[in-house]
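Engineer: what follows is a predicted structure for the sequence shown.
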Amino acid sequence: MRTGNHLARPQQGFTFLGVLFLVTVMGASLAGVGQLWSVSSQRAKERELLWVGTQYARALRSYYRNSPGTAAYPRHLEELLEDRRSVVPKRHLRRLYPDPMTGSQDWGLVMSYGEGIAGVYSRSERSSMKRSNFPPQWQTFEGLERVSDWQFVAEDAFADSQSTAQPLAVPGGNP
């Protein structure tokens, strides 16, 4: 009986080493997949930030250009949802979009000289993966290192374009 147990122990050691090797390989594979998913997720969030930022810039521009009397920017982003400055309320934005980078509604605000909101930016301090090939209205983002440096300012973006500018495609689906 001792002979049988003596033979079983070396086989158990090889099985243990095989399982340990398999677990190590699986762990390394999962780490690689996790890294790939993280990069893919970051790129998708940056694409969404470009789309959402463009929507805010267009809405701010529309609010400014449709001002009765003296042109002014809104003091609060909520004013873009229902502009009551004229007899017929106007909607400049469908809804308040969260910042794709942080997931919150807490946007950084670019204030105009008249104390209104002229633009928005993400409060995320993450480094940007996208550093080139921006849409024409955001060429000033070329080479910027952080997504918080991407400031979506209304008049800067659309100074040379007409009000019938082509909308950007919604990342991952329909508008």
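Structural biologist: Structure's in. What do you need? Numbers count the residues shown, from 1 in each chain.
Engineer: quick check, pLDDT for Ala118.
Structural biologist: Ala118 is assigned a predicted lDDT (pLDDT) of 94.
Engineer: residue ranges with poor pLDDT in this structure?
Structural biologist: 1-13, 29-30, 32-38, 156-175 (pLDDT under 70).
Engineer: at 50 instead, please
Structural biologist: The chain contains residues with pLDDT under 50 at 1, 160-175.
Engineer: would you state the strands of it in chain order?
Structural biologist: Listed in chain order, the strands of the chain (DSSP state E) span 108-111, 117-121, 152-153.
Engineer: please identify which of the ones you listed is closest to Leu80.
Structural biologist: strand 117-121 (8.8 Å; C-beta to C-beta). Just so you know, the C-beta spots here come from the backbone N, C-alpha and C atoms, and that holds for glycine as well.
Engineer: could you dump the strands of the chain to CSV with distance to Tyr56?
Structural biologist: What follows is those, written out as CSV (distance: least, C-beta to C-beta, whole Å):
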stretch, distance to Tyr56
strand 108-111, 10
strand 117-121, 5
strand 152-153, 6
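Engineer: format the ones you listed as a markdown table; extra columns: distance to Gln55 and mean neighbour count.
Structural biologist: Listed next are the strands of the chain as a markdown table, based on distance: least, C-beta to C-beta, whole Å; neighbours: other C-beta atoms under 10 Å:
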| stretch | distance to Gln55 | mean neighbour count |
| --- | --- | --- |
| strand 108-111 | 15 | 15 |
| strand 117-121 | 10 | 23 |
| strand 152-153 | 9 | 24 |
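Engineer: list the contacts for the residue nearest to the spatial centre of the chain?
Structural biologist: Compute the mean C-alpha point of the chain, and by C-alpha atoms, centre = their mean the closest residue is Leu49, 3.1 Å away. By C-beta atoms under 8 Å, 6 or more residues apart in numbering, the residues touching Leu49 are Asp99, Pro100, Met101, Ser122, Val147, Trp150.
Engineer: repeat that for Glu46.
Structural biologist: Contacts of Glu46 (C-beta under 8 Å, 6+ apart): Pro100, Met101, Ser128, Met129, Lys130, Val147.
Engineer: which of the strands of the chain sits closest to Ser41?
Structural biologist: Per C-beta to C-beta, nearest to Ser41 of these: strand 117-121, 20.3 Å.
Engineer: could I get the full set of helices for the protein?
Structural biologist: 2-65, 154-158 (DSSP state H).
Engineer: wait, what's in contact with Asp39?
Structural biologist: Small correction: residue 39 is Val, not Asp. Contact partners of Val39, counting by C-beta under 8 Å, 6+ apart, are Met129.
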